[in-house]
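Undergrad: Got a predicted structure plus its sequence, pasted below:
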Amino acid sequence: EPKKGISTARWSSSVDSSLVFSASPLPQPMVLSSKKDVLEFNDSGSLEYNFYRNSCPQAEQIVRAVVQRLHEARPDVGPALLRLVFHDCFIEGCDASVLLDAAEGIDSEKESPPNETLRGFDVIGIIKSELEEACPGVVSCADILVLAARDSVALAGGPFYPLCTGRRDSSNSFSDLATNELPSPFHDLSQTLASFASRGFDEREAVSLLGAHSVGVIHCKFLQNRLYNFSGTDEPDPSVETRFLNLMRSKCNNTHTSSFSSSATVYSYGSSLSSSGAQQSPSSPEEPGMAMDYEGPRSPFGTLYYHSLLQGRGILYVDQQLMAGEETGNWVRAYASHTSLFRRDFALAMMKLSNLQVLTAPTGHIRLNCSKVG
Ligand code: HEM
Ligand SMILES: [Ca+2]
């Protein structure tokens, strides 16, 4: 197994905000103070800004165009891609290990329990095949993942952030690590913070990254215990606000227990996604699901998520737990009232996430099909 270059992104809290800006709905050409700035905030070994400038100059545009096209038809692709990058980068770094199918000698991460409901593999496949047509054998699946997630954030009304490229793909998948190391929605705050800390994220960064839970779907099985039998008490989780408890119960009826994995709650705390059709549950069209934009779909990405936590309206236990710590609670309050602070912090944390333990030449390789090694 090739040795991985650990990226130790320099991390300063005084950040030039011109690096990070909003995009609506397609990102503008990057507004950067200088190329040096981008490199500075993407300090990740041998990744390079615009790595494909000669080998495939249109690579980033192709990714963006496909994500946008698919997103128009199916607004649920954005959240799927955003979750995918988190699950890839947290397990042995951003090396596309999450995309490999099971095969001889490969225990697919896709088959680990925490990845059971991961979606978006088909979208990555479509992007990859368009890139293979334009520049055969050049663009890695690992780069596709981080770029597609970046574009998804922008399409959801979140910040656009620059990324360096040049990641290469793993030749293995790490099913056991995924099973044991992906954070659980039932974890308490200290377990969650420990998981982030082991990847170099402090409390502020953990709170900002969880702002990704502004968009997407949550299947009822992840909240069933909070609604009906919290920690074996036969009572709901006392930290859930009463009206919200009833709302969630109406979406995740206990009688569904036998088939609850097919019912989903669409959560979208006010992003452009919710206005464009997140009413139906993407992964189970026959189940209506729940649109969480009750305070208005026009609110900025992220803000409503933090507001909801302040009101005891976090959907997952792990979300609401952010209010259980003093420092994390302070960040929740800060992000609820300072959208631009959240956008900046989220963008920086996504850049850092996208650079975790990347493989660069001569390690790793470029897959031709993202779900297969050879
Ligand atoms: C403690 C950390 C985290 C835990 C325990 C967690 C857990 C979960 C769970 C249980 C779901 C619901 C999945 C389903 O019902 O199919 C979910 C959805 C999601 N998560 Fe997280 N998550 C965490 C952090 C993150 C981070 C850091 C990101 C991205 C930066 C992220 C992005 C998403 C997205 C976008 C969805 C919606 C996916 C979709 O619509 O298919 N999560 N998460
Ligand atoms: Ca990985």
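TA: Received the coordinates, thanks. Numbering: from 1, shown residues only. Ligands and ions are numbered 1, 2, ... in the order given.
Undergrad: Now for residue 179: which residues touch it?
TA: 112, 113, 114 (C-beta atoms under 8 Å, 6 or more residues apart in numbering). Backbone N, C-alpha and C define where each C-beta goes, glycine included.
Undergrad: if you set the cut-off to 10 Å instead, what comes out?
TA: Residues counted as contacts of residue 179 (C-beta atoms under 10 Å, 6 or more residues apart in numbering) are 91, 107, 109, 111, 112, 113, 114, 115.
Undergrad: could you say which helix or strand contains it?
TA: helix 175-181 (DSSP states H and E).
Undergrad: Then residue 247?
TA: helix 242-251.
Undergrad: And that helix, what does it pack against?
TA: helix 224-228, strand 264-266 (3 or more C-beta pairs under 10 Å, 6 or more residues apart in numbering; DSSP states H and E).
Undergrad: I'd like the distance from that helix to the chain centre, please.
TA: 26 Å (C-alpha atoms, centre = their mean, to the nearest Å).
Undergrad: Buried residues in it, which are they?
TA: Neighbour counts over helix 242-251 (16 or more other C-beta atoms under 10 Å) mark 244, 245, 247, 248, 249, 251 as buried.
Undergrad: The helix holding residue 179 close to ligand 1?
TA: No. Residues of helix 175-181 are not located near ligand 1 by C-beta under 6 Å from any ligand atom, the shortest gap being 11.3 Å.
Undergrad: Report the buried residues of that helix.
TA: Buried-residue list, helix 175-181, by 16+ other C-beta under 10 Å: 175, 177, 178, 179, 181.
Undergrad: what about it, near ligand 2?
TA: No. Using C-beta under 5 Å from the ion, helix 175-181 never reaches ligand 2; the gap is at least 8.5 Å.
Undergrad: Show me the contact partners of the helix or strand just after that helix.
TA: Once the chain leaves helix 175-181, the next helix or strand it forms, by DSSP H and E, is helix 189-197. With contact meaning C-beta under 10 Å, 6+ apart, helix 189-197 is reached by 90, 181-185, 187, 201-203, 205-207, 209-210, 317-325, 327-329, 349, 353.
Undergrad: Strands - which of the residues you listed land there?
TA: Among those, DSSP state E puts none in strands.
Undergrad: Please spell out the ChimeraX selection for the buried subset of these.
TA: The ChimeraX selection below is limited to those of the contacts of helix 189-197 classed as buried (16+ other C-beta under 10 Å):
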select :90,181,182,183,185,187,201,203,205,206,207,209,210,317,318,319,320,321,322,323,325,328,329,349,353
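Undergrad: And stretch 174-182, how far out from the chain middle?
TA: 17 Å.
Undergrad: actually stretch 228-242, not the one I wrote
TA: 28 Å.
Undergrad: Next: stretch 61-79.
TA: That offset, for stretch 61-79, works out to 15 Å (C-alpha atoms, centre = their mean).
Undergrad: List the buried residues in that stretch.
TA: Neighbour-count burial for stretch 61-79 [16+ other C-beta under 10 Å]: 62-64, 66-68, 70-71, 75-79.
Undergrad: Give me the mean pLDDT for the helix or strand hosting residue 125.
TA: Counting by DSSP H and E, the element that carries residue 125 is helix 121-134. The pLDDT scores in helix 121-134 average 98.
Undergrad: count of residues packed around residue 234?
TA: For residue 234, the count of nearby residues is 8 (other C-beta atoms under 10 Å).
Undergrad: thought residue 209 was touching residue 353?
TA: Yes. The pair residue 209 and residue 353 qualifies as a contact (C-beta atoms under 10 Å) at a distance of 6.7 Å.
Undergrad: Between the two, which contacts overlap?
TA: 86, 196, 201.
Undergrad: ok, the last one - contacts?
TA: For residue 201, the contacting residues are 11, 193, 195, 207, 208, 209, 349, 352, 353, 356, taking C-beta under 10 Å, 6+ apart as the criterion.
Undergrad: Could you save those as CSV and add columns showing distance to residue 120 and pLDDT?
TA: CSV is the format used below for the contacts of residue 201 (distance: C-beta to C-beta, whole Å; pLDDT from 0 to 100):
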residue, distance to residue 120, pLDDT
11, 29, 31
193, 27, 98
195, 22, 98
207, 25, 98
208, 22, 98
209, 18, 98
349, 20, 98
352, 21, 98
353, 16, 98
356, 19, 97
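Undergrad: gap between the residue nearest to residue 208 when sequence neighbours are not counted and ligand 1?
TA: Using C-beta to C-beta, 6 or more residues apart in numbering and skipping the chain neighbours, the partner closest in space to residue 208 is residue 345 (4.0 Å). The spacing between residue 345 and ligand 1, counted by C-beta to the nearest ligand atom, to the nearest Å, is 12 Å.
Undergrad: okay, residue 345: pLDDT?
TA: So, for residue 345, pLDDT stands at 98.
Undergrad: residue contacts, it?
TA: Contacts of residue 345 (C-beta under 10 Å, 6+ apart): 13, 15, 20, 159, 204-205, 207-209, 211, 302, 331, 334-335, 338.
Undergrad: could you point out which element follows the helix or strand bottoming out on mean pLDDT in the chain?
TA: The helix or strand of the chain with the poorest confidence is helix 272-275; it has a mean of 33 (mean pLDDT, DSSP states H and E). Downstream of helix 272-275, the first helix or strand assigned by DSSP H and E is helix 303-310.
Undergrad: who does that following helix touch, helix- and strand-wise?
TA: Packed next to helix 303-310, using 3+ C-beta pairs under 10 Å, 6+ apart, are helix 203-209, helix 317-320, helix 326-337, helix 339-354.
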